[in-house]
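Undergrad: Dropping the sequence and predicted coords here.
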Amino acid sequence: MNYWWVVPAAGIGQRMQADRPKQYLELAGRTLLATTLLRCHQLLPQARLVLALHPDDRWWPACRAELEQAAPELDLMTTQGGAERADSVLAALDYLQPHAAAEDWVLVHDAARPCLDAADLKRLLQQASPIGGLLACPLADTLKQATAQQTVARTLDRRHLWQALTPQMFPYQALRCALQRALAAGATLTDEASALEWSGLEPQLVIGRRDNIKITHPEDLALAEFLLAQQKDRSCE
Ligand SMILES: Nc1ccn([C@@H]2O[C@H](COP(=O)(O)OP(=O)(O)OP(=O)(O)O)[C@@H](O)[C@H]2O)c(=O)n1
Ligand SMILES: C[C@](O)(CO)[C@H](O)COP(=O)(O)O
């Protein structure tokens, strides 16, 4: 079985409000992007990696040098991302076209999720259906629907609601076609599973750890540092 990592890293990190895109902020002595890429490589070293970058990215060369030092064997390709996350993922899949076979598995993982756990990835690889699957966790909090005045309109039934995480894993050709069709039809896609859903398919939900956080807001950085330190301690036990 052939695997690819696709890492969308072309976002600008608007919600982080930093002086650079969040994937280039420092996290426990490394850039966030380098931490995530090294984790992907460490957990599935046979998978080649393609990274979608912003056209005006000026931080990547330094990050690449950091990676070359930490993992000289890392097989990494880069391409230009697009306006939305789904455009960036599709651009990476288009770039892979001469290299990937239709049935190859593609694992799409956010650059902003540095804490992927080995057991979670193993579970995803084992439990994804032939359609594909994604790490996700059942909602843990009570969910409110808001009015325009930010008061509570109602409490939603959360029994069948899950929070989508990454990696999300699909066969190469199926994912590329689903993204192409859904984007051409103007669908709003915030993850890969949405594209398959748009085609009427039902990707498998595979339970994942809640601490596979996406660094989105300033307070998430300290939390991620703490989680990474804990994971390091666990791996030394
Ligand atoms: N046009 C885009 C937008 C997002 N991403 C990537 O998709 C992942 C998840 O997106 P998000 O956390 O929303 O990142 P940003 O878009 O950078 O953040 P914000 O929405 O706050 O601007 C990130 O790794 C981000 O770099 C991308 O490759 N291309
Ligand atoms: C793909 C994702 O990480 C799943 O939770 C998420 O949808 C991406 O978030 P964004 O902020 O919409 O880019």
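TA: Everything's here; your move. Ligands and ions are numbered 1, 2, ... in the order given.

Undergrad: what pLDDT does the closest residue to ligand 1 within the chain get?
TA: With Cβ to the nearest ligand atom, the shortest gap between the chain and ligand 1 falls at residue 11, namely 2.1 Å. C-beta coordinates here come from the backbone N, C-alpha and C atoms, glycine included. pLDDT recorded at residue 11 is 97.

Undergrad: ok, and the closest non-adjacent residue to it?
TA: Counting by Cβ to Cβ, 6 or more residues apart in numbering, residue 11 lies nearest to residue 21, which is 6.4 Å off, once chain neighbours are set aside.

Undergrad: Check what pLDDT that neighbour gets.
TA: Value for residue 21, per-residue pLDDT: 97.

Undergrad: Surely residue 25 is in contact with residue 33?
TA: No. With contact defined as Cβ atoms under 8 Å, residue 25 does not count as touching residue 33 (9.1 Å).

Undergrad: More neighbours: these two, which one.
TA: residue 33 (27 against 20; other Cβ atoms under 10 Å).

Undergrad: where's the more buried one relative to residue 53, distance?
TA: Counting by Cβ to Cβ, to the nearest Å, the separation of residue 33 from residue 53 is 9 Å.

Undergrad: what do you get for residue 22?
TA: The spacing between residue 22 and residue 53, counted by Cβ to Cβ, is 14 Å.

Undergrad: more neighbours, these two?
TA: Counted by other Cβ under 10 Å, residue 22 and residue 53 do not tie: residue 22 has more neighbours, with 27 against 24.

Undergrad: give me every residue that touches the nearest residue to that one once chain neighbours are set aside.
TA: With sequence-adjacent residues excluded and distances taken as Cβ to Cβ, 6+ apart, residue 22 is closest to residue 13, at 3.4 Å. Residues near residue 13 by Cβ atoms under 8 Å, 6 or more residues apart in numbering: 20-23, 112.

Undergrad: What helix or strand is residue 180 located in?
TA: Per DSSP states H and E, residue 180 falls inside helix 172-184.

Undergrad: Could you give me the buried positions within that helix?
TA: Buried residues in helix 172-184, counted by 16 or more other Cβ atoms under 10 Å: 172-179, 182-183.

Undergrad: Kindly report the same for stretch 115-133.
TA: Buried positions in stretch 115-133, judged by neighbour count with 16+ other Cβ under 10 Å: 115-117, 120-121, 123-125, 128, 132-133.

Undergrad: Could you look up the SS state of the residue of the chain closest to ligand 1?
TA: coil (DSSP: H, G, I helix; E, B strand; the rest coil).

Undergrad: taking the buried residues of stretch 115-133 one by one, which sit in strands?
TA: Here DSSP state E is the test, and those give residue 133 as lying in strands.

Undergrad: what's the most distant pair in the buried residues of stretch 115-133?
TA: By the measure Cβ to Cβ, 115 and 132 form the most distant pair in those, at 22.2 Å.

Undergrad: How many residues are close by the residue of the chain closest to ligand 1?
TA: 20.

Undergrad: need the contact list for it.
TA: Contacts of residue 11 (Cβ under 8 Å, 6+ apart): 21-23, 54, 85, 88, 111-112.
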